[in-house]
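[1] Could you work out the structure for the sequence below:
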Amino acid sequence: MSDIDFNNIRRLDGGLLLVFRGLLRRRQTTAVARELGLSQSAVSHALTRLRDLFDDPLFIRRPHGLEATRRALELAPRVDALIDLAGETLAREGKFDPSRSERRFALVAPEFVTALIGAKLVQAFRKSAPKASFYVQFLTQRSPLDALRRGEIDLAIGRYPSVAPGLTSELLFEDRYCVVARRGHPTVKGKISHEAWLKTGHVFADTRMEEGSEEVPSADNIAHVAAVQRWLTALIIVSASDAIATCPLRLAQRQAKQLDLQVIKTPFLQDRIPVYAVRRDGGTDPGIDWFIEHVRRAAS
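    Just a heads-up that it's a prediction; the model follows:
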């Protein structure tokens, strides 16, 4: 008992912990203030108290937002554990009530997955959790799995067949590639040969920007006319030109009617696209259980 600093414990309240976690996830005091229903000055004051309490700057202002210090990153899992424990202690039988929750779930997912499940997730939240919400990030400079370990996000979706200890991965769905072209294309009419696929100008989606992804199957001598960073951009360009694209089948099928596209399955595109959902292991979080169940339904 003599090793416990009661003065510091009295100074550390739940509000400070929530501000700390919010700053770690959002990187902006304005965003944290909005999320917690506080003024920006109140968040800044809380940050000052946190810095004094932990004797560390914790968050350093950069052009892109607040950058967590090494000490803040070390504290992150402990702060998460404290918040989770407090939530479980105060919750009735540890249950999550979606109809009353105002929780905002943080998700990292590739664009083609977000486009596939986003609308169904929105409908699920409006029906079952009208006060809760979710937001999707595309992390191109930092690993989503590292962000997941640090508690910056709640769920990561992508091509993660294996993960490090402390994380759990499950297969969400499996897709394959297809060819898309606009209806009325002068040469592509419901089917395409491998030779024609190589010679017809392609719009490529450079998915290397998506963590855990791979390049679209291609050949060294394939004709290409453009490269973009988003699948939907590629499909929009194809819908208004004589170019073609190679993209995930389920995304193409979802957008085909709206963009007036042909969706062509070919025997020479057999590569599979396994998509996994990854969450933190250990402990129980009924909210995450609820969220991932609706992600599963949206992806089915």
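
[2] All the strands of the stretch 1-150 of the chain, residue numbers only.
    Under the criterion DSSP state E, counting those that start in this stretch, the stretch 1-150 of the chain contains strands at 59-62, 65-68, 104-108, 133-137.

[3] ah, wrong one, I meant the stretch 201-300 of the chain
    Here the stretch 201-300 of the chain has its strands, by DSSP E, counting those that start in this stretch, at 202-205, 224-228, 245-248, 261-264, 272-280.

[4] Could you dump the ones you listed into TSV and include distance to D154?
    Using the backbone N, CA and C atoms, a C-beta is placed for each residue, glycine as well. Output for these, formatted as TSV (distance: least, CB to CB, whole Å):
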stretch	distance to D154
strand 202-205	26
strand 224-228	29
strand 245-248	24
strand 261-264	33
strand 272-280	7
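
[5] So for I237, which of those sits nearest?
    Closest of the strands of the stretch 201-300 of the chain to I237 is strand 202-205, at 5.0 Å (criterion: CB to CB).

[6] Report the distance from that closest one to the chain centre.
    23 Å (CA atoms, centre = their mean, to the nearest Å).

[7] Can you check what pLDDT the model gives the nearest residue to G14 once chain neighbours are set aside?
    Take G14 and drop its neighbours on the chain: the residue closest to it by CB to CB, 6 or more residues apart in numbering is A86, 6.1 Å away. Per-residue pLDDT puts A86 at 75.

[8] Same question for G283.
    pLDDT for G283: 58.

[9] The one 5 residues further on too?
    On pLDDT, I288 comes in at 90.

[10] where's it relative to E67, distance?
    26 Å (CB to CB, to the nearest Å).

[11] Between these two, which has more neighbouring residues?
    Relative neighbour count places I288 above the other of I288 and E67, with 17 against 13, counting by other CB atoms under 10 Å.

[12] doesn't A156 make contact with the more buried one?
    No: the pair I288 / A156 is not scored as a contact, 11.9 Å apart, by CB atoms under 8 Å.

[13] okay, and the common contacts of those two?
    Residues touching both I288 and A156 by CB atoms under 8 Å, 6 or more residues apart in numbering: R279.

[14] follow-up on the earlier one: which of the strands of the stretch 201-300 of the chain sits closest to R78?
    Of all the strands of the stretch 201-300 of the chain, it is strand 272-280 that lies closest to R78, at 13.6 Å by CB to CB.

[15] Can you list the strands that the closest one pairs with?
    According to DSSP bridges, strand 272-280 forms sheet pairs with strand 155-158 (antiparallel), strand 167-182 (antiparallel).

[16] Can you tell me which of these is most buried?
    strand 155-158 (a mean of 24; mean count of other CB atoms under 10 Å).

[17] how about low-confidence regions in the stretch 1-150 of the chain?
    By pLDDT under 70, the low-scoring segments of the stretch 1-150 of the chain are 1-11, 87-94, 139-142.

[18] how close does the closest residue in space to F204 that isn't next to it in sequence get to K257?
    Once flanking residues are discounted, F204 sits nearest to A227: 4.4 Å by CB to CB, 6+ apart. Going from A227 to K257 by CB to CB gives 26 Å.

[19] Any idea what P248 is bridged to?
    Beta bridges link P248 to Y177, judged by DSSP bridges.

[20] my read: P161 touches S169, true?
    Yes: P161 is within contact range of S169, at 7.0 Å (criterion: CB under 8 Å).

[21] Between the two, which contacts overlap?
    Joint contacts of P161 and S169 (CB under 8 Å, 6+ apart) are Y276.

[22] Nearest to L18 among the strands of the stretch 201-300 of the chain would be which one?
    Closest among the strands of the stretch 201-300 of the chain, using CB to CB: strand 272-280, at 18.3 Å.

[23] tilt between the closest one and strand 104-108?
    Angle of strand 272-280 versus strand 104-108, following axes from the mean of the first three to the mean of the last three CA atoms, to 10 degrees, is 140 degrees.

[24] pLDDT value on I236, please?
    Looking at I236, its pLDDT is 96.

[25] from what I can see it touches L259, true?
    Yes: using CB under 8 Å, I236 is in contact with L259, at 6.7 Å.

[26] Which one's more surrounded, A227 and K257?
    Neighbour tally, A227 and K257, criterion other CB under 10 Å: the higher count belongs to A227, 11 against 8.

[27] Fine, thanks again, bye for now.
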